[in-house]
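# Here you go, sequence then predicted model.
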Amino acid sequence: MELQTNTIKEIKRLKIIPEFEKSAFTIINHLQNSKNLLLVTHTNPDGDAIGSCLGLYHYLTQKNKNVTFILQSPIPTNLQFLNGIDKIHFLLNQNNFKISPDFDTIVLLDLNDISRLKTLRDEIELSKATKIVIDHHQEPKDFADYYLIDTTASSTGEILFKLLRKDCSINWTKEICENLYVAIMTDTGNFRFERTDGEVHRIVAELIDYGADPVKLYNEVYNKIPFNAAKLMGLGYSKLESYYGGKLVVMPIRHKDFLETNTQEEDTEGFVESLLSIDGVVMSILIMEVVERNEIRVSIRSKGDYSARNLALNFGGGGHINAAGCRFQNADFEVTKQKLVDKASEILN
């Protein structure tokens with residue numbers, strides 16, 4: 001078995017995270033003085049990644065900046081309603097993409113490790129543009145010029161709200177507010193994860209006052225699932241496996257399941273989170289076979305002090321304490337699943 005992370009060079013860890021308020025003022029001033037900006041986030045983006053990028057996109061275009069937002073993966077079906085989706089440039093299966101020298105600033109949102117950019121990594125490293133990281137994940141890597149990082153924040157959307165609030169002339173449009181609301185809502189599990197504190201609720205209250213509709217946004221994200229995706233979820237549930245007295249459940253989805261239901265991997269959004277509603281479950285694993293990339297993609301969720309992140313770290317992945325993931329290249333599906341289950345025993349027992 002070869003882990004994805006073994007195929008790429010390592011980036012040194014950032015030794016000292018810059019002070020937040022000072023960094024915020026520096027970065028907002030730099031953004032206001034930039035002309036041509038590129039926004040990027042990690043592959044297989046979630047609501048926080050997409051919502052944060054689109055929120056920043058709308059702010060920058062409000063300031064008459066030239067902005068390009070690139071995604072390397074399709075958008076999950078439950079997020080395709082977001083305002084600004086039509087402005088995204090998709091970079092799918094293009095290994096020869098070149099970043100224009102016209103960009104003076106590159107903003108990397110919801111990631112702190114440049115390896116998560118895959119095919120874009122080398123181009124971004126070679127670019128002479130100023131690089132800015134806005135993120136809330138632990139153990140940031142040292143590769144950018146400026147960092148706005150708060151590892152205690154609920155989401156990148158929360159950090160971005162605090163950043164944009166430094167601009168006294170900002171017009172809090174519905175487009176900005178809805179995207180930031182979705183970013184925060186999704187990364188807090190609809191305001192139920194551990195880092196959902198009073199400050200988070202005060203922020204979303206402001207976003208609602210500015211025009212975000214919480215009922216509409218909840219329904220779009222959580223109450224709509226395509227028929228074929230529902231069939232795929234049913235297949236996944238029919239194959240659930242339980243371990244360690246019901247503390248762990250695993251949902252395996254093979255390539256044939258995607259073919260049978262005419263679905264894609266982005267249709268699995270929300271599957272792994274739903275497994276935590278099963279009585280007695282404290283950790284859930286969604287393991288998917290993605291033959292197009294000869295890859296096995298793993299998503300892990302957990303409750304309380306049971307660390308999904310620690311499990312993912314054992315296999316070159318990462319994430320939050322209760323939401324993490326990892327990938328395997330050129331690996332056997334059943335062998336990989338058993339390795340995950342075996343390693344999970346160290347966390348659950």
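Looks like it came in fine. Numbering: from 1, shown residues only.

# Outline the domain layout of the protein.
7-222, 227-348 (automatic domain parsing).

# So which residues of this protein form helices?
Along the chain, the stretches classed as helices by DSSP state H are 20-33, 47-62, 121-126, 156-164, 174-187, 198-209, 214-222, 227-238, 255-261, 271-274, 308-313, 333-348.

# show me the contacts for residue 177.
Each residue near residue 177 by C-beta atoms under 8 Å, 6 or more residues apart in numbering is listed here: 55, 207, 208, 210, 211, 212. Glycine gets a C-beta too; all of them are placed from N, C-alpha and C.

# ok, of these, which one's closest to residue 289?
Among the contacts of residue 177, residue 55 lies closest to residue 289 (C-beta to C-beta), at 33.6 Å.

# Count the neighbours of the closest one for me.
Residue 55 sits with 30 neighbouring residues when counted by other C-beta atoms under 10 Å.

# mind listing what it touches?
By C-beta under 8 Å, 6+ apart, residue 55 lies in contact with 157, 160, 164, 176, 177, 179, 180, 183.

# just residue 32 next, same as before
By C-beta under 8 Å, 6+ apart, the residues touching residue 32 are 63, 167.

# so which of the contacts of residue 55 is the most crowded?
Highest neighbour count within the contacts of residue 55, by other C-beta under 10 Å: residue 157, with 34 neighbours.

# most remote residue from the protein's center?
No residue in the chain sits farther from the centre than residue 245, which is 30.8 Å out by C-alpha atoms, centre = their mean.

# Next one: it from residue 338, what distance?
From residue 245 across to residue 338, the span is 18 Å (C-beta to C-beta, to the nearest Å).

# Same check on residue 172?
In terms of C-beta to C-beta, residue 172 sits 50 Å off from residue 338.

# quick revisit: okay if I get the helices of the chain as CSV plus mean pLDDT and distance to residue 299?
As requested, those are exported to CSV (pLDDT from 0 to 100; distance: least, C-beta to C-beta, whole Å):
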stretch, mean pLDDT, distance to residue 299
helix 20-33, 97, 29
helix 47-62, 98, 14
helix 121-126, 91, 22
helix 156-164, 98, 18
helix 174-187, 97, 14
helix 198-209, 97, 23
helix 214-222, 96, 17
helix 227-238, 97, 12
helix 255-261, 97, 15
helix 271-274, 94, 4
helix 308-313, 95, 9
helix 333-348, 97, 11
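
# how about CSV for those, with distance to residue 133 added?
Listed next are the helices of the chain as CSV, based on distance: least, C-beta to C-beta, whole Å:
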stretch, distance to residue 133
helix 20-33, 10
helix 47-62, 12
helix 121-126, 11
helix 156-164, 10
helix 174-187, 16
helix 198-209, 21
helix 214-222, 26
helix 227-238, 33
helix 255-261, 34
helix 271-274, 26
helix 308-313, 19
helix 333-348, 29
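
# I appreciate the help and will end here.
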